[in-house]
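Asks: This is a predicted model, with the sequence first.
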Amino acid sequence: MKLAATAHQRTIDVDISSNEFWAKSFDERDDSFARLRRDAPVSWHPPTEFPFPHEETGFWAVVRNDDINVVSRQTQRFGSGYGVSLDPMPFELLRAASFFLTMDDPEHARYRALVSAAFTPRQVKLIDDQIRSAAGEIIGDLVGAGHVDFIEHCASRLPMRTIADMMGVPESERVAAARAGDAVIGRSDPEFGDPTDPIRVITDAISYLHALGADLAHHRRAHPADDLLTNLVQAEVDGQRLTDADIGSFMVLFTVAGNDTTRNTTALTLMAFDKNPDQRAYLLERFDERIMPAVDEFIRHGSPVMQFTRTALIDTELGGQQIAQGDKVCVFYCSGNRDESVFDRPAVFDVSRAKNPHVGFGGGGPHFCIGVGLAKSQLRALFGELLTRVPNIEVGDPEFAVGNFIRVINRLPVHVP
């Protein structure tokens, strides 16, 4: 399906396409999104500055919380099967990086059911126990560390260790797997490769992760163990099973989605607590009672996943705009999570929010994040340790990567007495 502009475009002089825009701070970008929420909640914009030949003419930006939910849930109008990337990437490469994220039902439902079947109650409890144990060990290593990078010494460790434990990744490959995931997400940042040749950077990283996952799956078929990977290779729904190649694709998705999102939420939340010590005190007063609602605020305020796209499957209307079949439609979660019509004082970090209908896990519908429970378990365990065992951590200035998908922090200097 070719992406093209409609005859009923609504344009507005607000830049959200350029690399210059995405190099700005979150608050500066939200000034632009706030104007769009107010004046043009559905508006047409030129393609992003992605150095790859393409025929795309632009995309519709959807910036209000309610409209994001509509696009996410009404899958007869807006589909994922033609791609989910704001950048105009080759579809074959996008599918390789996204697995069932770039599928519509019934194909999507079939693969999601197979993956979900692996998360048995026994396996979920085992993973939760592993997460709590790992969080305690990671924070134990942080105590008294002095001047260190919080990303390297804490935030990046738990999500990647969790994924590696679940998928049976050997110690010798864990650093390389984490770096490959970084390369897929941070492809426009020089730290992770050549920004003038992002396709090669992405392709190399995806190929490595895919081969790693497929090899591990092949080994597990012959040598089952008490882990998620064994459940994945043995899962069966309506007579169908996942192939080694399918599990290789899942490995790519899991490493990118399960690693970068939790890692950056952890760092962003530490920064938020540093600026709002009253919120830390409030949470610690009744941690067990308050932590799960607080985690939703971690996600809303941090908005680690900033956007996803859909494709209009029919001629339709949204926000007063006529959208043609084949148009790219981008839902900006980072904007929906700051929607003034939904959230009181949306820029404020408030872990006591009684109502928090954020869209940080995808706005509902069949593509609602399958890893919600895993992410919440990690954040609960890590902050239960972090806020009590290193109460006097001093937080420096973060170094952000430039990108329009994940809100990536490359480094966050801290001092841990």
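Replies: Thanks, I have it. Remember, predicted model here, so these are calculated numbers, not experimental data.

Asks: quick one: buried residues of the lengthiest helix in the chain?
Replies: Longest helix in the chain, counting residues (DSSP state H): helix 198-222. For helix 198-222, the neighbour count (16 or more other Cβ atoms under 10 Å) marks 198, 201-203, 205-206, 208-210, 212-214, 216-217, 220 as buried. Any C-beta I mention is one placed from the backbone N, CA and C, and that applies to glycine too.

Asks: what's the answer for stretch 280-292, then?
Replies: Within stretch 280-292, the residues that qualify as buried by neighbour count (16+ other Cβ under 10 Å) are Arg280, Leu283, Ile291.

Asks: do the same with stretch 157-175
Replies: Buried residues in stretch 157-175, counted by 16+ other Cβ under 10 Å: 157-169, 173-174.

Asks: ends of that stretch, how far apart?
Replies: Terminal residues of stretch 157-175 are spaced 10 Å apart (Cα to Cα, to the nearest Å).

Asks: any residues touching that stretch, and which ones?
Replies: 127, 130-131, 134-135, 138, 177-178, 181, 212-213, 216, 219-220, 225, 227-229, 251, 254-255, 258-263, 266, 374, 378, 381-382 (Cβ atoms under 8 Å, 6 or more residues apart in numbering).

Asks: Report the rounded mean pLDDT for it.
Replies: Averaging pLDDT along stretch 157-175 gives 91.

Asks: now swap in stretch 353-372 and tell me
Replies: Rounded mean pLDDT across stretch 353-372 is 92.

Asks: how far is it from where the chain is centred?
Replies: Centre-to-centre, stretch 353-372 and its host chain are 12 Å apart (Cα atoms, centre = their mean, to the nearest Å).

Asks: Ok, stretch 305-319 next?
Replies: The mean C-alpha position of stretch 305-319 is separated from the chain mean by 18 Å, Cα atoms, centre = their mean.

Asks: okay, it in CSV with CA atoms only?
Replies: Extracted C-alpha coordinates of stretch 305-319, given in CSV (Å, rounded to 0.1, in the frame of the first residue of the first chain):
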residue,chain,number,x,y,z
VAL,A,305,8.3,4.9,23.8
MET,A,306,7.5,8.2,22.1
GLN,A,307,5.6,7.0,19.1
PHE,A,308,4.4,4.2,16.8
THR,A,309,2.7,4.4,13.4
ARG,A,310,-0.3,2.7,11.8
THR,A,311,-1.7,2.8,8.2
ALA,A,312,-5.2,3.8,7.3
LEU,A,313,-6.9,0.7,5.9
ILE,A,314,-9.9,2.6,4.6
ASP,A,315,-10.8,6.2,3.9
THR,A,316,-11.8,7.5,7.3
GLU,A,317,-12.1,10.6,9.5
LEU,A,318,-10.2,11.5,12.7
GLY,A,319,-10.2,14.7,14.6
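
Asks: in this structure, which spans are strands?
Replies: Ranges of strands within the chain are 42-45, 59-62, 78-79, 146-149, 236-237, 240-241, 307-312, 316-318, 321-323, 328-332, 394-395, 399-400, 409-411, 413-416, based on DSSP state E.

Asks: ok, back up a step: among the contacts of stretch 157-175, which are located in helices?
Replies: If you go by DSSP H, the contacts of stretch 157-175 have 127, 130-131, 134-135, 138, 177-178, 181, 212-213, 216, 219-220, 228-229, 251, 254-255, 261-263, 266, 374, 378, 381-382 in helices.

Asks: And those, which of them are buried?
Replies: Buried among the ones in helices among the contacts of stretch 157-175 by 16+ other Cβ under 10 Å: 127, 130-131, 134-135, 138, 177-178, 181, 212-213, 216, 220, 228-229, 251, 254-255, 261-263, 266, 374, 378, 381-382.

Asks: which one of the buried residues of stretch 280-292 sits closest to Val305?
Replies: Compare each of those with Val305 using Cβ to Cβ and the shortest gap goes to Ile291, at 21.3 Å.

Asks: Quick check: the closest one vs Leu379, distance?
Replies: 8 Å (Cβ to Cβ, to the nearest Å).

Asks: still on that earlier bit, next step: the buried residues of stretch 280-292 restricted to helices.
Replies: Using DSSP H, the buried residues of stretch 280-292 in helices are Arg280, Leu283, Ile291.

Asks: I figured the last one was touching Leu382, is that so?
Replies: Right, the one you point to is Ile291. No: with contact defined as Cβ atoms under 8 Å, Ile291 does not count as touching Leu382 (10.8 Å).

Asks: Overlap of the contact sets of these two?
Replies: By Cβ under 8 Å, 6+ apart, no residue touches both Ile291 and Leu382.

Asks: low pLDDT regions in the stretch 101-250 of the chain?
Replies: Residues of the stretch 101-250 of the chain meeting the criterion pLDDT under 70: 186-196.

Asks: same thing but at 90, please
Replies: 171, 174-205, 226-227 (pLDDT under 90).

Asks: Over to the stretch 251-400 of the chain?
Replies: Scanning the stretch 251-400 of the chain for pLDDT under 90 picks out 253-261, 354-355, 363-364, 370-371.

Asks: Let me see the contact set for the closest residue to Ile299 other than its chain neighbours.
Replies: Once flanking residues are discounted, Ile299 sits nearest to Gly360: 3.7 Å by Cβ to Cβ, 6 or more residues apart in numbering. Contacts for Gly360 (Cβ under 8 Å, 6+ apart) come out as Asp296, Ile299, Arg300, Gly302, Ser303, Pro304, Val305, Tyr333, Asn337.

Asks: Quick one: closest of the strands of the chain to Lys275.
Replies: Lys275 sits nearest to strand 394-395 of all these, at 8.5 Å, using Cβ to Cβ.

Asks: List the contacts of that closest one.
Replies: By Cβ under 8 Å, 6+ apart, strand 394-395 touches Phe150, Leu270, Met271, Asp274, Leu412, Pro413, Val414, His415, Val416, Pro417.

Asks: go again using 7 Å as the cut-off
Replies: Contacts with strand 394-395, where a contact means Cβ atoms under 7 Å, 6 or more residues apart in numbering, come from Leu270, Met271, Asp274, Val414, His415.

Asks: quick one: contacts for the first one?
Replies: Contacts for Leu270 (Cβ under 7 Å, 6+ apart) come out as Phe150, Val395.

Asks: can you offset everything so residue one is 29?
Replies: Sure, I'll start counting at 29 from here, so that last one is Leu298.

Asks: I'd like to know how far it sits from Gly86.
Replies: 37 Å.

Asks: can you check the fourth one too?
Replies: Plainly put, Val442 is 41 Å away from Gly86 if you go by Cβ to Cβ.

Asks: neighbour count winner among the two?
Replies: With neighbours defined as other Cβ atoms under 10 Å, Val442 and Gly86 compare such that Val442 has more, 23 against 20.
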